[in-house]
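**Student:** No letters, just coordinates:
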């Protein structure tokens, strides 16, 4: 996604200003829903405080009217229904070096949405069917929102595309409730490390042999807990 953002800037910017700025402070990906903020500064002392993350995160800390929030959420719904992954972008101003403890303390101006399309592999439907034929249950555990994930799932013939639970909802369940839920739910959205780990442990407690794939550091605990990671 970072590469795609840089490519879009390269192709669309009238002047490439990246070489003029250096990053002076960073707030790593964090929060529920997650976001990240970078502070850049050029040789003249001019600053850019840029944030990107889940739309709910950026909307929640931006100075927006209710009518604006409604318009933004309408755009999100349209994009998600087509299977796009969506980030929101915000911009803030800050002088001095006494940076806030958390990135959410900045006063952000909502700048817009960025939509990414990561098309499913061409053979994924047949791969899924081979799993189903072998008696293997398949589940999607993702940080994306329910609308985007559901749209992609329906495109590829994924069973249980409309049966979804979010990370926050999952964390409210008792261990016994979760053990029942993981049998019936196939899509887990807006997930974070603790929630992913709970899913794996609940499946194991049910006596399942659990294999998991993941490509991010936030997958680490769950990958380690799975029988096959």
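**Tutor:** Noted; the coordinates are in hand. This one's a predicted model, so the numbers in the text were calculated from it and none came from an experiment. Residues are numbered from 1 along each chain as shown.
**Student:** tell me which residues in the longest helix along the chain are buried?
**Tutor:** When the chain is parsed with DSSP state H, its longest helix is helix 66-81. Judged by neighbour count using 16 or more other C-beta atoms under 10 Å, the buried positions of helix 66-81 are 72, 76, 79, 80. To be clear about C-beta, it is placed using only N, CA and C from the backbone, and glycine gets the same treatment.
**Student:** quick one: secondary structure of the residue of the chain most remote from its centre?
**Tutor:** Most distant from the centre of the chain: residue 44, at 34.8 Å, with distances by C-alpha atoms, centre = their mean. State at residue 44, reduced to three classes by DSSP: H, G, I helix; E, B strand; the rest coil: coil.
**Student:** where does this structure have its least confident helix or strand?
**Tutor:** Each helix and strand of the chain was given a mean pLDDT (mean pLDDT, DSSP states H and E); the minimum falls on helix 146-155 at a mean of 92.
**Student:** Quick check: what element follows that helix along the chain?
**Tutor:** Counting by DSSP states H and E, the element after helix 146-155 in chain order, helix or strand, is strand 164-166.
**Student:** Just give me how far that next one sits from the chain centre.
**Tutor:** On the basis of C-alpha atoms, centre = their mean, to the nearest Å, strand 164-166 is displaced by 14 Å from the centre of the chain it belongs to.
**Student:** since we're on residue 99, how many residues are nearby?
**Tutor:** 16 (other C-beta atoms under 10 Å).
**Student:** contact partners of the least confident helix or strand of the chain?
**Tutor:** Contacts of helix 146-155 with the rest of the structure, by C-beta atoms under 8 Å, 6 or more residues apart in numbering, involve 76-77, 79-86, 120, 140, 142, 158, 160-162, 164, 166, 187, 189-190.
**Student:** need the longest strand for the protein.
**Tutor:** Across the chain, the longest stretch assigned as strand under DSSP state E is strand 21-30.
**Student:** Give the other helices and strands that it contacts.
**Tutor:** On a contact count with 3 or more C-beta pairs under 8 Å, 6 or more residues apart in numbering; DSSP states H and E, strand 21-30 meets strand 35-42, strand 47-53.
**Student:** mind showing which ranges of the protein have poor pLDDT?
**Tutor:** Nowhere does the chain drop to pLDDT under 70.
**Student:** rewinding a little: would JSON lines of the buried residues of helix 66-81 with distance to residue 214 be doable?
**Tutor:** Output for the buried residues of helix 66-81, formatted as JSON lines (distance: C-beta to C-beta, whole Å):
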{"residue": "72", "distance to residue 214": "30"}
{"residue": "76", "distance to residue 214": "25"}
{"residue": "79", "distance to residue 214": "25"}
{"residue": "80", "distance to residue 214": "22"}
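**Student:** re the thing from before, output the helices and strands packed on strand 21-30 in CSV, with distance to residue 90 and mean neighbour count appended to each entry.
**Tutor:** Below are the helices and strands packed on strand 21-30 laid out as CSV (distance: least, C-beta to C-beta, whole Å; neighbours: other C-beta atoms under 10 Å):
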stretch, distance to residue 90, mean neighbour count
strand 35-42, 8, 19
strand 47-53, 4, 20
